[in-house]
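Enquirer: Model the following, please.
(one chain, ligands or ions: 1)
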Amino acid sequence: MLNKDSIQVLREIHLAPSFSLSYTDPLHIVRGEGQYLYDADGKQYLDAVNNIQHVGHCHSKVAAAATAQYQKLNTNTRYLDETIVNYAQALTDKLPDELDICFFTNSGSEANDLALRIARHVTQSKETIVLDAAYHGNLSSLIEISPYKHDGPDGSGAPDFVHTIPMPDPFRGKYRGEESGKEYANEVQIAIDKIQESGKRVSVFIAESLMGCGGQLVPPRGFLKESFQKVSKAGGLCIADEVQIGFGRMGDHFWGFETQDVIPDIVTMGKSMGNGHPLSAVVTTKAIAGKFNNGMEYFNSFGGNPVSCAVGHAVLNVIEDEDLQQNAKDVGDYLKSMLNELKVKYPIIGDVRGFGLFLGIELVRDPQSLEPADKEVDQIVNSMKEKGILISTDGPDHNVLKIKPPLVFNRENALFLTGTLDEILSWDKERLYT
Ligand code: PMP
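Expert: Prediction:
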């Protein structure tokens, strides 16, 4: 077995330098089980960040479903296959009635690219409204609509068909407080007016109902509902990007968009859908899928293959059998209440937010100026790792600790996480600021 140093050397020789590694001292993980990861020395880490391994690392039922189907058959959607249709039925059963047509794809990016293509075809327009700091994927079409990327290092900004509205951030955004939903939705209207005044049509509004890369952000009440109404009235379509937040993670709801009481025209999903197996989907209405069926076949070599569908179906079954949505609610609420206790104790915690097991802790140097505590965040993430807990950072100011563990995370794990965070936050300033 290669040791850590040899892997790093080979990585430098053969892997593109654009790939990054987490942590100052990178991890060499060799095994995973449930909410735990193990490094080559046998050290256990509590995984509080890998939302892709939704039902737990290496879940035996998911692995068994993949193996059994792989040993039996793996073809594609050009054959009649019960595994594919059974999964499509089970998946759409989880969605509002009108969302009952699936396109299967292989990554969140691929799903979002297809969703855009569908919307552009149906509306005969490219004019797209996006949230500032949003990330929707790594394909060229998605860098174009992802301010997180095109406004970042070496980005070339938004193309003229992309209209960016301020991040609906009730904590430090353009408008603040829980009642700011209307004001942010009005920004969507301003974008719509601008598109229409230039003689064009609105194509699509794409948003995560809680922003991931935007910093585990919960938009203010009513924001999506009003925004969706305005976009629909203008003839545009609304896409809910559920890649990070779907499949029960919210606790009270199976989908993120349900927290804002909306029904999107198109939903995209990925990450957790296959528990690490590359599986994603676009789900939409019969009417929209029918309009997109313009004679140009949609074929995807891997998307919707029977092995992927068997995996996806097993994930849905495990969520149900192990009551993981309820666990996300119970443990998430417990964890959030303890994080709020830390917030009272440490002024550096500016905001604790999120639903279920999708939580963010925004750190600030000063509660008045809200100066982002970005260096401290890095220090905390690395120190937590040394103490056996994996969390990560996000947000445009790089000052949000993100917590989005596999849904098997338990109360004991929550106690360990908050106890360790408490200890680190109690360090003197010098130690925290390095
Ligand atoms: N949408 C969102 C909200 C995401 O967070 C991501 C990935 N972080 C994507 C799309 C892209 O997914 P993938 O990496 O599977 O292409």
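
Enquirer: Can you tell me what sits against the host helix or strand of Ser6?
Expert: Per DSSP states H and E, Ser6 falls inside helix 4-14. Residues from elsewhere that reach helix 4-14 (CB atoms under 8 Å, 6 or more residues apart in numbering): Leu2, Pro26, His28, Ala40. (Each C-beta comes from the backbone N, C-alpha and C, glycine too.)

Enquirer: helix, strand or coil for Val318?
Expert: Under DSSP: H, G, I helix; E, B strand; the rest coil, Val318 falls in the helix class.

Enquirer: ok, now which ones touch it?
Expert: Contacts of Val318 (CB under 8 Å, 6+ apart): Val55, His59, Lys61, Val62, Leu324.

Enquirer: so Pro306 sits right up against Thr75, yeah?
Expert: Yes: look at Pro306 against Thr75 with CB atoms under 8 Å: they come within range, at 6.3 Å.

Enquirer: so what sits against both of those two?
Expert: Asp81.

Enquirer: The two: who's more crowded?
Expert: For Pro306 versus Thr75, neighbours defined as other CB atoms under 10 Å are more numerous around Pro306 (21 against 12).

Enquirer: pLDDT value on the more buried one, please?
Expert: Confidence at Pro306, expressed as pLDDT, is 98.

Enquirer: just Asn294 next, same as before
Expert: At Asn294, the pLDDT recorded in the model is 88.

Enquirer: just Thr434 next, same as before
Expert: On the pLDDT scale, Thr434 gets 53.

Enquirer: Export the contacts of helix 4-14 to TSV and append columns for neighbour count and secondary structure.
Expert: Below are these laid out as TSV (neighbours: other CB atoms under 10 Å; DSSP: H, G, I helix; E, B strand; the rest coil):
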residue	neighbour count	secondary structure
Leu2	11	coil
Pro26	13	coil
His28	14	coil
Ala40	15	coil
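
Enquirer: and the ligand, which of those residues contact it?
Expert: Among the contacts of helix 4-14, proximity to the ligand is found for none (CB under 6 Å from any ligand atom).

Enquirer: tally of neighbours for Ala287?
Expert: By other CB under 10 Å, the residues close to Ala287 number 12.

Enquirer: how distant is the strand or helix carrying it from the center of its chain?
Expert: Element membership for Ala287, per DSSP H and E: helix 286-292. A distance of 26 Å separates the centroid of the chain from that of helix 286-292, by CA atoms, centre = their mean, to the nearest Å.

Enquirer: Same question for that helix: list its buried residues.
Expert: Ile288, Ala289, Phe292 (16 or more other CB atoms under 10 Å).

Enquirer: what do you get for stretch 96-105?
Expert: Pro96, Leu99, Asp100, Ile101, Cys102, Phe103, Phe104, Thr105.

Enquirer: Dihedrals phi and psi, the fourth one?
Expert: Pointing back at Ile101 there. Main-chain torsions, Ile101, degrees, to the nearest 10: phi -120, psi 130.

Enquirer: check contacts around it.
Expert: Thr92, Val283, Thr284, Thr285, Lys286, Ile288, Ala289 are the contacts of Ile101 under CB under 8 Å, 6+ apart.

Enquirer: partners of Ile266 in the sheet?
Expert: Under the criterion DSSP bridges, Ile266 forms beta bridges with Ile239, Thr284.

Enquirer: ok and the residue in the stretch 301-434 of the chain nearest the ligand?
Expert: Asp394 (9.6 Å; CB to the nearest ligand atom).

Enquirer: That residue contacts Ile403, doesn't it?
Expert: No: here Asp394 lies out of contact with Ile403, judged by CB under 8 Å, at a distance of 10.8 Å.

Enquirer: Residue nearest the middle of the protein, spatially speaking?
Expert: Nearest to the geometric centre of the chain sits Gln244, at 1.9 Å (CA atoms, centre = their mean).

Enquirer: need the contact list for Lys174.
Expert: Pro166, Glu183, Tyr184, Glu187.

Enquirer: circling back: next, the buried residues of the helix holding Ser6.
Expert: Result for helix 4-14 [16+ other CB under 10 Å]: no buried residues.

Enquirer: So for Lys429, what's the pLDDT?
Expert: Value for Lys429, per-residue pLDDT: 70.

Enquirer: so what's the nearest residue to Arg221 once chain neighbours are set aside up against?
Expert: Excluding the flanking residues, the one nearest Arg221 by CB to CB, 6 or more residues apart in numbering is Gly181, at 5.1 Å. Applying CB under 8 Å, 6+ apart to Gly181 gives the contacts Pro168, Pro219, Pro220, Arg221, Gly222, Phe223, Lys225, Glu226.

Enquirer: quick one, phi/psi of the second one?
Expert: Listed backbone geometry of Pro219 is phi -60, psi 160, with angles given as degrees, to the nearest 10.

Enquirer: That one contacts Lys182, doesn't it?
Expert: No: with contact defined as CB under 8 Å, Pro219 does not count as touching Lys182 (11.7 Å).

Enquirer: Compare these two and say which is more crowded by neighbours.
Expert: A side-by-side neighbour count of Pro219 and Lys182, using other CB under 10 Å, places Pro219 first with 26 against 13.

Enquirer: Count the residues that sit near Lys43.
Expert: There are 11 residues near Lys43, going by other CB under 10 Å.

Enquirer: Noted, bye for now.
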